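**Student:** Give me a 3D structure for the following:
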Amino acid sequence: MTQTADHPRIRLKPKANARGLRHGFPWVYANDIVTDRRTRKIPAGALAVLEDDKRAPIALVAVNPDSKIMCRVLDRDLDVQLDAAWFETRLRRALEMRERLFDAPYYRLIHAEADGFPGVIIDRFGDACVIQPNAAWAEAHLETLTEALVTVTGVTTVLKNASGRTRGLEGLDDVNLTLRGTAPDAPLPVPMNGATYMADLTDGQKTGLFYDQRPNHAFAKRLVQPGARVLDVFSHVGGFGLAMLAGGAGQALSVDGSAAALDLATKGAEASGFADTFQTRQGDAFEVLTQLGEEGAQFDVVICDPPAFAPSRQALDAGLRAYERVARMAAALVKPGGYLGLCSCSHAADLGRFRDASSRGIGRAGRQAQLIHTGFAGPDHPQLPQLAESGYLKAVFYRL
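**Tutor:** Have a look, this model is predicted:
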């Protein structure tokens, strides 16, 4: 008996986009599947063979009847087994590219569907990795994934991060675990763009650090001249501010609502040798931008990197208004001839809409602008061309 014969079969409705699935789209929504009592009883995380409406097989998929994304494509080989060798092969392919691109083991190792691991994020911090298994199938195979990860990379510590709304949508728990080794009892230093960032792997946001902005930090670093005064709003652990200090800025002010994040930013500034030129201000970003405007503050470079204002299509209009407001308030703080960088991690707001909202905000501030650069996530966050959601990060830089 073949492996395929062991799996249940799930069939697409006649109007479902079977061609898109055959051409690489990785998701099947629940309303595109013929559901009956049998399919609804398939355990979350189980494997199945996906068929088109004529019962021709398409792919091996992971099933979650409780999720709007009911099936995630795992492999075109219907007889494959999800054993240690399967995981190791895909991990090695991902690792080979990262080792080619980065000279130190600090990067996103697995970027979900784009690396062949639907719903799975793995960030590497030297000898430690943090896994976010945001899909039921990954949770079901977490032990095998962990063993393969240790075998392929040689890391000694593996942590599970269970935060975020995606796990809730999959019906998964929010319990963080230490899967291998010992969880670090202090933030880990991470070198990037000439600065040192402090990553809290156990209590920080997401996996502890956002690697995706690395190339945009590098571009912002190029914008500063010696002695420049820079502002980093929604700074988290000091992302843009520390990079610009490494580029020669004379003073950086980081603004964030989280005292814990700003404490890590301060520790990063100290580790980088920037303690005397780095300042923080905790508070709501819109309130702080208003305060800075009332103070008549002016900066050579202003960067705003807010959380996702448009995490879904339903929130798109409100999110675009928020991005426009950020641009208007931030533009007023930029010196004539200075630079403004605006970022969005909302996949629902595509580049065109985000850029238009940002430009409107700058215009409403009474400023003239040149769009000089558009940035995206780094190459350790590859995009799956068939999945627009994998290209979530946008950054637009203007000279005012």
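
**Student:** and the nearest residue to residue 331 once chain neighbours are set aside, how far is that from residue 59?
**Tutor:** Leaving aside its sequence neighbours, residue 331 sits nearest to residue 365 (CB to CB, 6 or more residues apart in numbering; 3.9 Å). Every C-beta, even on glycine, is put in place using the N, C-alpha and C of the backbone. The gap separating residue 365 from residue 59 is 50 Å, by CB to CB, to the nearest Å.

**Student:** Mind jotting down where the strands sit in the stretch 101-250 of the chain?
**Tutor:** According to DSSP state E, counting those that start in this stretch, the stretch 101-250 of the chain carries its strands in the segments 106-111, 120-125, 128-133, 157-160, 177-180, 188-192, 195-199, 229-233.

**Student:** Redo those strands as a markdown table? Include mean pLDDT, distance to residue 261 and mean neighbour count.
**Tutor:** A markdown table is the format used below for those (pLDDT from 0 to 100; distance: least, CB to CB, whole Å; neighbours: other CB atoms under 10 Å):
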| stretch | mean pLDDT | distance to residue 261 | mean neighbour count |
| --- | --- | --- | --- |
| strand 106-111 | 98 | 19 | 24 |
| strand 120-125 | 97 | 17 | 24 |
| strand 128-133 | 97 | 17 | 24 |
| strand 157-160 | 98 | 19 | 21 |
| strand 177-180 | 97 | 23 | 16 |
| strand 188-192 | 97 | 14 | 18 |
| strand 195-199 | 97 | 10 | 25 |
| strand 229-233 | 98 | 12 | 27 |
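
**Student:** Next, the distance between the ends of stretch 201-219.
**Tutor:** Criterion CA to CA, to the nearest Å; first-to-last residue distance in stretch 201-219 is 26 Å.

**Student:** same deal with stretch 385-397?
**Tutor:** Using CA to CA, the two ends of stretch 385-397 sit 24 Å apart.

**Student:** between the strands of the stretch 101-250 of the chain, which gets nearest to residue 46?
**Tutor:** Among the strands of the stretch 101-250 of the chain, the nearest to residue 46 by CB to CB is strand 128-133 (15.4 Å).

**Student:** just checking, what packs against the closest one?
**Tutor:** On a contact count with 3 or more CB pairs under 8 Å, 6 or more residues apart in numbering; DSSP states H and E, strand 128-133 meets strand 120-125, helix 142-153, strand 157-160.

**Student:** which other residues reach that strand?
**Tutor:** Strand 128-133 has contacts (CB atoms under 8 Å, 6 or more residues apart in numbering) with 109, 119-123, 139, 142, 145-146, 149, 153, 155-164, 167, 172, 179, 181, 184, 188, 201, 206-208.

**Student:** What strands line up against that strand, and which way round?
**Tutor:** Sheet pairing of strand 128-133 (DSSP bridges) gives strand 120-125 (antiparallel), strand 157-160 (parallel).

**Student:** Just the pLDDT for the residue nearest to residue 331.
**Tutor:** If you check residue 365, the pLDDT there is 98.

**Student:** Next, the contact list for it, please.
**Tutor:** Contact analysis of residue 365 by CB under 8 Å, 6+ apart lists 327-329, 331-332.

**Student:** mind redoing it with 10 Å?
**Tutor:** Taking CB atoms under 10 Å, 6 or more residues apart in numbering as the contact definition, residue 365 lies against 293, 327-334, 340, 400.

**Student:** And for residue 74?
**Tutor:** 26, 47-48, 50, 59-62, 80, 82, 86, 90, 116-118, 137.

**Student:** Give me the distance between it and residue 277.
**Tutor:** According to CB to CB, residue 74 stands 49 Å off from residue 277.

**Student:** how's the chain carved up into domains?
**Tutor:** 4-75, 84-180, 188-399 (automatic domain parsing).

**Student:** What mean pLDDT does the first one get?
**Tutor:** Confidence over domain 4-75 (mean pLDDT, whole number) is 93.

**Student:** For the closest residue to residue 179 other than its chain neighbours, list each beta-bridge partner.
**Tutor:** Leaving aside its sequence neighbours, residue 179 sits nearest to residue 158 (CB to CB, 6+ apart; 4.3 Å). Here residue 158 sits in beta bridges with residue 129, residue 180, as judged by DSSP bridges.

**Student:** Let me know whether residue 158 touches residue 149 as I believe.
**Tutor:** Yes. Using CB atoms under 10 Å, residue 158 is in contact with residue 149, at 6.1 Å.

**Student:** which stretches of the stretch 151-300 of the chain form helices?
**Tutor:** 165-169, 214-223, 239-246, 259-272, 285-294 (DSSP state H, counting those that start in this stretch).

**Student:** Next: the stretch 1-150 of the chain.
**Tutor:** Going by DSSP H, counting those that start in this stretch, the stretch 1-150 of the chain shows helices at 18-22, 37-40, 84-101, 136-140, 142-153.

**Student:** and the ones you listed, which is most packed in?
**Tutor:** helix 136-140 (a mean of 23; mean count of other CB atoms under 10 Å).
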